[in-house]
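J.: here's a sequence, model it:
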Amino acid sequence: MAKLLIVDDEKNIRSHLATFFESCGHQVQTAESGQKAHTLLSNDHGFDLMLTDYRMAEMNGLELLQQARRDAPDLAVILMTAYATVENAVAAMKAGAYDYLTKPFTLDQVEHVVNRALEARRLRAENRVLRDSIEERPLLESQSTVMQRLLETARRVAASEATILLMGESGTGKNVLARQIHRWSPRAEKPFVVVNCTTLSEPLLESELFGHMRGSFTGAVKDKPGRLEAAHRGTVFLDEIADLSPPLQTKFLRFVQEQSFERVGGDDTIEVDTRIVAASNRDLTSEVAAHRFREDLFYRLNVIALRVPSLRERSQDLLRLAERLLIIAAARNHRQTLRLSPEVEAALVAYRWPGNVRELRNAIERAAVLVQGDLVTPEYLPDALFQEAPVAPLSGPHVASLEEVEREQIVRVLAESPTLEDAAETLGINVSTLWRKRRRYKIE
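T.: Okay, the predicted model is just below:
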């Protein structure tokens, strides 16, 4: 059943509603003010629904709703009031309330509204999981032996409580694999919390990980739990763990060893049960050798090490993956069914994809947005796909390469032809191929 928070400054109403919903099998907490409710929401991200009065001292129900949308965006909120007005109802719905109840109401009425709100919340969560699964599934479907072996190992270790270290180049999908490991694990119904170690400064990252106490630094206006607390009984994924500073590595080592920590500015030790999955696009053994990463932390994290292959290593997946990503990108951008031209397929296969799956996804998204019609042709792909590495000059007398001969021929035919179509016909190629070769040889 659900976890409910009932907020009302009238004790009788709080107690009556709490007793009723507990009898329905729900877990219930109460608060006598908006400020107390806000504190509860800040310290506990596990609430499914909040039922709150509109008129309260200090912080009214609308203000509490607005705070709740920031702190717990998935929380369903129902407002109650004995002073119903159209303006208040409109304001509540615009702020994100699920519904608006006018006092007095019967227990049957409030139960009906609460059940509808919980069902809507459940469906939203299922749709989000399904959408994520649909968009991520192509990245985990592979004909590559090395990728299949990785997925088999990941599925086996997901059932354990072991710490997992994901290694691999940037853009290979380590975050997708981490989320899938969580879905395969016994913790699948609990939170999956992501911490990107590259995006925040050291003080902010420390607060993000461990939380902080009010007044511990400028701007800390209230107690705030960290991401490790939010991942209690679930999984925390630390992306680019190598970017942790030495002081944070030391503090995080203690958490890995003991599953306990103190918030920034706090003295109370907090214990959590959190499964750790970490990732790095750097070679951590080299980072340890260079004294940039703690050796003891490396060995604590390196219980199960999985290397995610680059896109070059799973080249047999490339076209199928590109087609699946094109379907997803077309749907997301409200486009009709799209397909890749043979020239585009050839260009995708020839390119080395240093940015891996992330670069492929971006290239396909760009094409899906810009293409006119239903056929993706080379002009809609990024220029980088047609920029080849410079060729080292030959020693001795210069002999024209095949590329130089082809370029000269294209320049000559273009100069003699009235249109691009005529030039393509003279050269015996289609217009898209000619367009691609002009870009490759930088012919204006």
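
J.: let me see the contact set for S185.
T.: A158, A159, T235, R275 (CB atoms under 8 Å, 6 or more residues apart in numbering). C-betas here are computed from N, CA, C, even on glycine.

J.: which residues does the third one bridge with?
T.: Translated: T235. Residues in a beta bridge with T235, per DSSP bridges, are F192, R275.

J.: and the gap between it and G34?
T.: 33 Å (CB to CB, to the nearest Å).

J.: and if you look at V369?
T.: V369 is 44 Å from G34, by CB to CB.

J.: measure stretch 216-225 end to end?
T.: Taking CA to CA, to the nearest Å, stretch 216-225 runs 13 Å from one end to the other.

J.: can you list the buried residues in it?
T.: S216, A220, D223, K224, P225 (16 or more other CB atoms under 10 Å).

J.: ok, stretch 53-73 next?
T.: When burial is assessed from 16+ other CB under 10 Å, stretch 53-73 yields the following buried residues: D53, Y54, M56, M59, N60, G61, L62, L64, L65, Q67, A68, A72.

J.: am I right that the first one is in contact with I6?
T.: No - look at D53 against I6 with CB atoms under 8 Å: they stay out of range, at 9.2 Å.

J.: one step back: which one of V369 and G34 is surrounded by more residues?
T.: Set V369 next to G34 and count neighbours by other CB atoms under 10 Å: G34 wins out with 24 against 13.

J.: and the more buried one, how far from E229?
T.: 23 Å.

J.: so where's this protein shaky on pLDDT?
T.: 45, 84, 126-138, 388-403, 444 (pLDDT under 70).

J.: domains in it, by residue range?
T.: 3-125, 142-307, 312-386, 402-440 (automatic domain parsing).

J.: so which residues make contact with stretch 306-324?
T.: 138-139, 141-144, 146-147, 150, 153-154, 157, 164-169, 172-174, 177, 340, 345, 348-349, 352-353, 356-357, 360, 364.

J.: check the contacts of S185 and tell me the two furthest apart.
T.: Greatest spacing in the contacts of S185, by CB to CB: A159 and T235 (12.9 Å).

J.: if you count what's nearby, which of those two comes out ahead?
T.: T235 (24 against 11).

J.: ok, back up a step: so of the buried residues of stretch 216-225, which ones are in strands?
T.: Of the buried residues of stretch 216-225, the ones assigned to strands by DSSP state E are K224, P225.

J.: the buried residues of stretch 216-225 into TSV, with extra columns for distance to Q27?
T.: Shown next, in TSV, are the buried residues of stretch 216-225 (distance: CB to CB, whole Å):
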residue	distance to Q27
S216	31
A220	30
D223	22
K224	23
P225	19
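
J.: which member of the buried residues of stretch 216-225 is positioned nearest F47?
T.: P225 (13.3 Å).

J.: relative to I270, how far out is that closest one?
T.: P225 is 8 Å from I270, by CB to CB.

J.: what do these two both touch?
T.: Between them, P225 and I270 share the contacting residues G211, R263, judged by CB under 8 Å, 6+ apart.

J.: show me what the helix or strand hosting Q67 is packed up against.
T.: Per DSSP states H and E, Q67 falls inside helix 61-71. Here helix 61-71 touches helix 34-43, strand 49-53, strand 76-81, helix 86-94, going by 3 or more CB pairs under 8 Å, 6 or more residues apart in numbering; DSSP states H and E.

J.: among those, which comes closest to R124?
T.: The nearest among the helices and strands packed on helix 61-71, by CB to CB, is strand 76-81 at 9.1 Å.

J.: what lines up beside the closest one in the sheet?
T.: With DSSP bridges as the test, strand 76-81 pairs up with strand 49-53 (parallel), strand 99-102 (parallel).

J.: buried residues in the strand or helix carrying V288, which are they?
T.: Using DSSP H and E, V288 sits within helix 284-289. Buried positions in helix 284-289, judged by neighbour count with 16+ other CB under 10 Å: L284, E287, V288.

J.: circling back to that earlier point, list the residues that contact both of D53 and I6?
T.: By the contact definition CB under 8 Å, 6+ apart, D53 and I6 are jointly contacted by no residue.
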